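Asker: model the following, please.
(one chain, ligands or ions: 1)
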Amino acid sequence: MNITMVDLTGQYNKIRKEIDEAVLNEIRLGQYINGRAVKEFQAELEQYLAVRHVVPCANGTDALQIALMALDLQVGDEIIVPAFTFVSTAEVIGLLKLKPVLVDVDIDTFNISTKNLEKALSKKTKAILPVHLFGLSCAMEPVMDFAQAHHLYVVEDNAQAIGCDYFFSDGSAKKTGTIGDIGCTSFFPSKNLGCYGDGGALMSNDDRLAERCRMIANHGQKEKYHHEILGCNSRLDALQAAVLSVKLKYLDAYIQARQSAAQYYTAGLSDIDAIDLPRTTIRSTHVYNQYTIRIKNGKRDALQQFLAKNGVPTMIYYPRPIHEQNAFKSIVSIAEPLNVSNYLSENVLSLPMHTELSGTVQDFIIRKMHDFFS
Ligand SMILES: *Cc1c(COP(=O)(O)O)cnc(C)c1O
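Answerer: Numbers count the residues shown, from 1 in each chain. Model prediction:
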C-alpha cells in the first residue's frame, strides 16, 4: 500500500481529458499572460463565491501582501495576527514594516478568538488578519463586530478554506474570504482548489479596495505605463487559470470527499482517549484542507515515527509558532502568553487528507493508530 499525504496525480487522472484539453487550448490560443482564461476563471470564481471582485495574482503570499498594500497603512502600524499559522500571514506584515501583534488561538478550533483580540488592541492597531486554519472558519461575526467597533480593517487569510461557508447568527451565510474587507487565497497544488504550479487571488466586495489590489498586482497601473502607486508584478498565468476553471467545477465534490474522509477518520478514531479529534462549530462548515489531531499524552513524535515505520506519512502543521521563529523574534509584539500556540506546535499531527483517500487506506491508518495506543 502506497499511502501519501496528498494524491494530486490520482485526482488529475480522473479529469485528465478535460484538463489536457483546456491546457492545450490555451497553448494554442497564445494569450499566455492575462488572457481569456484568466478573465473567465475570475468571473467563475466571483460567481462561486458570490463576491463582487476577484483579483487573480501569482500566489497566496502575494495576495496577502497586496491586500495589506491596498490599505492606507503607515510604517509601524499594528496588525493583529494569530501566532499559530503558516509563515506567510505574519511575514508579509513584517516585510511591509508593519508590526505583527501575535495573539493566541482557541485550542479546539486552532483559530483566533475575540477574547484574545481585546488584549492585542492599541492605538496603532489598524487591521486584523484572521486565518481560517485547516479549513474551518474562525469566528467571523465577533471578529467583524470587534473590527467595526474599533475601526479596523479585516483581511482574511482563506488559503486553506476556499469553499467554506460561515453562518451568521441571523441565519445568513457567506463564503469565507468574502466577509472581511479583503480575502486572500492560494491555489498552491495541495490547497482545496489547487492548480499545477503557483497561483493566488484576492476577493473583495469593496470596489475601491478591489481596484487598488488590481493596480498593485499590475505595477500600480490602471492604464499601461501610467503608474499611479507602487505595485509589484503578480499574475496568475493562463495555463493555471485554465486548470482552475476545470477544477472549480469539482470543488464542491472535492470538499464532500474531504468531509467524508474526515467523518471516516473521526468514526474510526473516536475511541482513542489519548487524542483529540478536529472539532467543528455550528457557525462554519469544515472543508478539511487538513485533518489535524492533538495528541494528549505527549507522545506525538513517537506516534509520528511509529506511523512512518508502518508506511503512514503524517505532517506537523506547524512545528514552531511564529514567535519562536528567528526571523520574527525581533519584529513581533506579543499581546499575551501564547500557551495554546506553544501547546499545539508540540502536540498536533496532520493525517493524510485528500480527495482520493480510500476506505482501505483509512482502515489501515486507523488500525495502526490503535496499535500504537493499545
Ligand atoms: C498556503 C498558505 C499561504 C500561502 O500561499 P502560497 O500560495 O504558498 O504563497 C498563506 N497562508 C496560509 C494559511 C496558507 O496555508
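Asker: so what's the nearest residue to N205 once chain neighbours are set aside up against?
Answerer: Of all residues not flanking N205 in the chain, R52 sits nearest, at 4.7 Å (Cβ to Cβ, 6 or more residues apart in numbering). Just so you know, the C-beta spots here come from the backbone N, C-alpha and C atoms, and that holds for glycine as well. Going by Cβ atoms under 8 Å, 6 or more residues apart in numbering, R52 touches E46, S204, N205, D206, D207, A210.
Asker: which one of those residues is nearest the ligand?
Answerer: In terms of Cβ to the nearest ligand atom, no member of these lies closer to the ligand than S204, at 17.2 Å.
Asker: in which helix or strand would I find I366?
Answerer: In this assignment (DSSP states H and E), I366 forms part of helix 359-373.
Asker: now do that helix: which elements does it pack against?
Answerer: In terms of contacts (3 or more Cβ pairs under 8 Å, 6 or more residues apart in numbering; DSSP states H and E), helix 359-373 is packed against helix 251-269, helix 300-309.
Asker: how about JSON lines for the ones you listed, with distance to F373, mean pLDDT and mean neighbour count added?
Answerer: Below are the helices and strands packed on helix 359-373 laid out as JSON lines (distance: least, Cβ to Cβ, whole Å; pLDDT from 0 to 100; neighbours: other Cβ atoms under 10 Å):
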{"stretch": "helix 251-269", "distance to F373": "10", "mean pLDDT": "98", "mean neighbour count": "17"}
{"stretch": "helix 300-309", "distance to F373": "8", "mean pLDDT": "98", "mean neighbour count": "15"}
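Asker: and of those helices, who's closest to V87?
Answerer: helix 300-309 (20.8 Å; Cβ to Cβ).
Asker: restricting to C-alpha, output that closest one in PDB.
Answerer: Output of helix 300-309 as PDB, limited to C-alpha atoms (Å, rounded to 0.1, in the frame of the first residue of the first chain):
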ATOM      1  CA  ARG A 300       3.200  12.900  19.300                       C
ATOM      2  CA  ASP A 301       6.700  12.400  18.000                       C
ATOM      3  CA  ALA A 302       6.800   8.700  18.900                       C
ATOM      4  CA  LEU A 303       3.400   8.300  17.200                       C
ATOM      5  CA  GLN A 304       4.700  10.000  14.100                       C
ATOM      6  CA  GLN A 305       7.700   7.700  14.000                       C
ATOM      7  CA  PHE A 306       5.600   4.600  14.500                       C
ATOM      8  CA  LEU A 307       3.300   5.600  11.700                       C
ATOM      9  CA  ALA A 308       6.200   6.400   9.400                       C
ATOM     10  CA  LYS A 309       7.700   3.000  10.100                       C
END
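Asker: what does it contact?
Answerer: Contacts for helix 300-309 (Cβ under 8 Å, 6+ apart): 295, 313-314, 316, 346-349, 365, 368-369, 371-372.
Asker: ok, now how distant is whichever residue of the chain sits closest to the ligand from L8?
Answerer: As assessed by Cβ to the nearest ligand atom, the ligand sits closest to G60 within the chain, at 2.5 Å. Taking Cβ to Cβ, to the nearest Å as the measure, G60 falls 17 Å from L8.
Asker: looking at these two, which one has more neighbours?
Answerer: G60 (26 against 15; other Cβ atoms under 10 Å).
Asker: next, format the helices and strands packed on helix 359-373 as JSON lines and append distance to D72.
Answerer: JSON lines is the format used below for the helices and strands packed on helix 359-373 (distance: least, Cβ to Cβ, whole Å):
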{"stretch": "helix 251-269", "distance to D72": "34"}
{"stretch": "helix 300-309", "distance to D72": "44"}
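Asker: that older thread, of the contacts of R52, buried ones?
Answerer: By neighbour count, with 16 or more other Cβ atoms under 10 Å, the contacts of R52 hold E46, S204, N205, D206, A210 as buried.
Asker: need the contact list for the residue of the chain closest to the ligand.
Answerer: G60 neighbours (Cβ under 8 Å, 6+ apart): S88, D157, A159, C184, T185, S186, F187, F188, K191, G200.
Asker: ok, of those, which come out buried?
Answerer: Using 16+ other Cβ under 10 Å, the buried members of the contacts of G60 are S88, D157, A159, C184, T185, S186, F187, F188, K191, G200.
Asker: not counting sequence-adjacent ones, nearest residue to the residue of the chain closest to the ligand?
Answerer: S186 (2.5 Å).
Asker: about what we covered before: pLDDT value on the residue of the chain closest to the ligand, please?
Answerer: At G60, the model reports a pLDDT of 98.
Asker: which bits of the stretch 51-200 of the chain sit near the ligand?
Answerer: Selection of the stretch 51-200 of the chain residues close to the ligand by Cβ under 6 Å from any ligand atom yields 59-61, 85-86, 88-89, 131, 157, 159-160, 186, 188, 198, 200.
Asker: if we can go back for a sec, which of the contacts of R52 sit farthest apart?
Answerer: Spanning the widest gap among those are E46 and D206, at 13.8 Å by Cβ to Cβ.
Asker: anything in contact with each of the two?
Answerer: Common contact partners of E46 and D206 (Cβ under 8 Å, 6+ apart): R52, H53.
Asker: so D165 makes contact with A173?
Answerer: Yes. Using Cβ atoms under 8 Å, D165 makes contact with A173 at a distance of 5.0 Å.
Asker: looking at the two, which is more packed in?
Answerer: Comparing D165 with A173 by other Cβ under 10 Å, the one with more neighbours is D165, at 16 against 12.
Asker: for that one, phi and psi?
Answerer: For D165, the backbone dihedrals (degrees, to the nearest 10) come out as phi -100, psi 130.
Asker: V75: how many residues sit nearby?
Answerer: By other Cβ under 10 Å, the residues close to V75 number 8.
Asker: same for the strand or helix carrying G183, what does it pack against?
Answerer: Here G183 sits within strand 182-186, counting by DSSP H and E. Packing partners of strand 182-186 (3+ Cβ pairs under 8 Å, 6+ apart): helix 60-70, strand 153-157, strand 200-204.
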